[in-house]
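Peer 1: Task: produce atomic coordinates for the following.
(one chain, ligands or ions: 2)
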Amino acid sequence: MTDLSRFDVTRYAAAAQSIIDAGRLLYGQGWSPATSSNYSARIDAEHLAITVSGRHKGRLRQEDVMVVDLDGNPVQSHCRSSAETLLHTVVYRQLPTVGAVLHTHSVKATVLSRLIPAGQALTLQGYELQKAFPGYDSHDCSLDIPVFDNTQEIPALAAETEAWLARNPGQPGYLIRGHGLYTWGDTMDDCLRHVEAFEFLLECELEMMRVLR
Ligand SMILES: CSC[C@@H](O)[C@@H](O)C(=O)COP(=O)(O)O
Ligand SMILES: [Zn+2]
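Peer 2: Numbering: from 1, shown residues only. Ligands and ions are numbered 1, 2, ... in the order given. Reported below is the predicted structural model:
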């Protein structure tokens, strides 16, 4: 357990509250069922608040949100942070303006990610709502959302996503096959908007597949 660094307790409390509120909203939408999903919010340049592993995301309390450093080491906590902590820390390390990362397990993200052939991305194009993502200012923009194969080897997946992010720093998120969505934003509100936009766009894609089948 790292206890070398100090963080501002007031900033931790604000970050934890934003995570608690996000969990209530995302669970309420059915996008974080059972104990799935994990959420984080930046405290400062070296620390983030992140959900403790295995907690119910619709009923989070402050003790369900702990602090880790940007290598994923716990800071002043004996709890185990999310099993997927490294998938969060790579985003904060690669993108210094990011203030929040959300991982959800919706039915649409789970099903659609299984329908995309291996090695292919989900290409979003022609949707007005793509403009919910920063840098995408027209429905004509093409947004390639990668689908990484699911694995229980999180360090390997973290390395894969880190390499992809280094090549694609403007991308708003990615899917993990049969698993769910990761997305991020400069603030928790931005990040929640991205989850909502993804859910809408994934539903459109599934509907298009149904109609065109
Ligand atoms: C309840 S199964 C889902 C987990 O395996 C995992 O994918 C997940 O999203 C939550 O893991 P957690 O360790 O609670 O952050
Ligand atoms: Zn998960």
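Peer 1: for residue 41, phi and psi?
Peer 2: Reported as degrees, to the nearest 10, the phi and psi values for residue 41 are phi -140, psi 140.
Peer 1: For it, give the beta-bridge partners.
Peer 2: residue 49, residue 100 (DSSP bridges).
Peer 1: tell me the pLDDT at it?
Peer 2: If you check residue 41, the pLDDT there is 98.
Peer 1: I'd like the distance between it and residue 100.
Peer 2: Distance, residue 41 to residue 100, using C-beta to C-beta, to the nearest Å: 5 Å. Glycine gets a C-beta too; all of them are placed from N, C-alpha and C.
Peer 1: Now the common contact residues for the two.
Peer 2: Taking C-beta atoms under 8 Å, 6 or more residues apart in numbering as the contact criterion, the residues that touch both residue 41 and residue 100 are 18, 188.
Peer 1: So residue 57 lies in a strand, does it not?
Peer 2: No - residue assignment for residue 57, taken from DSSP: H, G, I helix; E, B strand; the rest coil, gives coil, which places it outside any strand.
Peer 1: And for it, the neighbour number?
Peer 2: Burial of residue 57 is recorded as 27 neighbouring residues (other C-beta atoms under 10 Å).
Peer 1: Residue 212 now?
Peer 2: For residue 212, the tally of surrounding residues (other C-beta under 10 Å) stands at 6.
Peer 1: and what of residue 63?
Peer 2: Residue crowding around residue 63 was assessed by other C-beta under 10 Å; the count is 11.
Peer 1: dump the residue contacts of the closest residue to it other than its chain neighbours.
Peer 2: The shortest distance from residue 63 to any residue that is not its chain neighbour, by C-beta to C-beta, 6 or more residues apart in numbering, is 7.8 Å, and that residue is residue 52. By C-beta under 8 Å, 6+ apart, the contact set of residue 52 is 63-66, 79-82.
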